[in-house]
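> model the structure of this input:
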Amino acid sequence: MAATSEVTQTEAVLYEKKDHVAWVIMNRPDAMNAKNDDLVNGVARGMRAASEDPDVYVAILIGEGGRAFSAGNDLRAQTQRDSAGGAPRQVRDSFRPYDCTKPTIAAVDGFALGGGMQWASQCDIRVATERSQFGQPEPRWGLAVAALIDTPERYMPWGEASYLLLTGTRISAKRAYDVGYVQSVVPDRAALITEVERIANEVKLCAPLSVRLLKRTMRYELDLPLPPQGQKALEIISGLTKDEREAVGKSEDRAEGPKAFSEKRPPQWKMR
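Purely as a prediction, here's the structure:
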């Protein structure tokens, strides 16, 4: 692909547009496309560009390298921020794949873990190579992720989501397909590109305004405002779990997980 960093303003994410399709390409293969600030900002800018460009009908999110779609949060960068006294992330654009008004396809080749799996979930359609694996390993690193717009309980049967979230394990692309999370499994990366282009061409057969309305309607069904106040269900859940989430975020175990990962050792949990 003749992709550039002009749109994303970082080499960590490249952008290409051809035939009404935008390719947002995560370009940190040596780090398994882990989500540092440059990558988060770059994906945000790429997805925003696709969403706002009337010449784009479909956006595809893909990772370079073949080892990982995205391995999730960059725990080494997290440890460095923790060591600096909890320095804030330099995220300048909060736009997510979920916010894109155009149909989005996650082209998964390799690991889609943690925040990487969540980005895949935020896309409307998922295609994966046979070697791909999905998982939410957060509890193994002292973190807890649930009741968000992109966590497994929204996209999988309850038991399967519980298995992923409560064990921190991974499932294969075939298993993800069997439970309806992935829409197509292909042999290799070349077949992945062919398949996502085929799906994009199917979307392009539809009226863009119709597709946009359909997508907006389905997204409301995922997070429907509750009458009469108009407060969303996720906001209620967030309020109910606020104190516990803050406690987890400030815990010693939350810092221990990324630190142990960086030091290549098992974490030592203290339950505090």
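
> use CA for all of it now, contacts and neighbours both
Fine.

> against Val24, how distant is the closest residue to Pro208 other than its chain neighbours?
Of all residues not flanking Pro208 in the chain, Tyr57 sits nearest, at 6.6 Å (C-alpha to C-alpha, 6 or more residues apart in numbering). Taking C-alpha to C-alpha, to the nearest Å as the measure, Tyr57 falls 13 Å from Val24.

> between these two, which one's more packed in?
Val24 (31 against 27; other C-alpha atoms under 10 Å).

> return the distance of stretch 210-230 from the chain's centre.
21 Å (C-alpha atoms, centre = their mean, to the nearest Å).

> ok, residues contacting that stretch?
Applying C-alpha atoms under 8 Å, 6 or more residues apart in numbering, the set of residues contacting stretch 210-230 from outside is Thr101, Lys102, Pro103, Ile149, Arg154, Gln231, Lys232, Ala233, Leu234.

> may I see the buried residues of it?
Residues of stretch 210-230 classed as buried by neighbour count (16 or more other C-alpha atoms under 10 Å): Val211, Lys215.

> same question for stretch 144-156.
Neighbour counts over stretch 144-156 (16+ other C-alpha under 10 Å) mark Ala144, Val145, Ile149, Asp150, Thr151, Pro152, Glu153, Arg154, Tyr155, Met156 as buried.

> isn't the fifth one up against Ser121?
Put plainly, it is Thr151. Yes: counting by C-alpha atoms under 8 Å, Thr151 does reach Ser121; the two are 7.3 Å apart.

> can you map out the strands along the stretch 151-272 of the chain?
170-172, 184-186, 225-226, 231-232 (DSSP state E, counting those that start in this stretch).

> deepest-packed of these, please.
strand 184-186 (a mean of 21; mean count of other C-alpha atoms under 10 Å).

> what's that strand packed up against?
Packed against strand 184-186 by the contact rule (3 or more C-alpha pairs under 8 Å, 6 or more residues apart in numbering; DSSP states H and E) you find strand 125-129, helix 173-178.

> so can I have a markdown table of the ones you listed showing mean pLDDT?
Below are the helices and strands packed on strand 184-186 laid out as a markdown table (pLDDT from 0 to 100):
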| stretch | mean pLDDT |
| --- | --- |
| strand 125-129 | 98 |
| helix 173-178 | 98 |
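
> please identify the most buried of those.
strand 125-129 (a mean of 25).

> check which element follows that one along the chain.
Proceeding C-terminally, strand 125-129 gives way to strand 133-135 as the next helix or strand, assigned by DSSP states H and E.

> what's in contact with that following strand?
110-114, 117, 164, 168-173, 176.

> wait, Thr4 sits on Thr10?
No: if you go by C-alpha under 8 Å, Thr4 and Thr10 don't touch, sitting 9.1 Å apart.

> for Cys39, helix, strand, or coil?
Quick fix: residue 39 reads Leu, not Cys. Taking DSSP: H, G, I helix; E, B strand; the rest coil as the rule, one finds Leu39 in the helix state.
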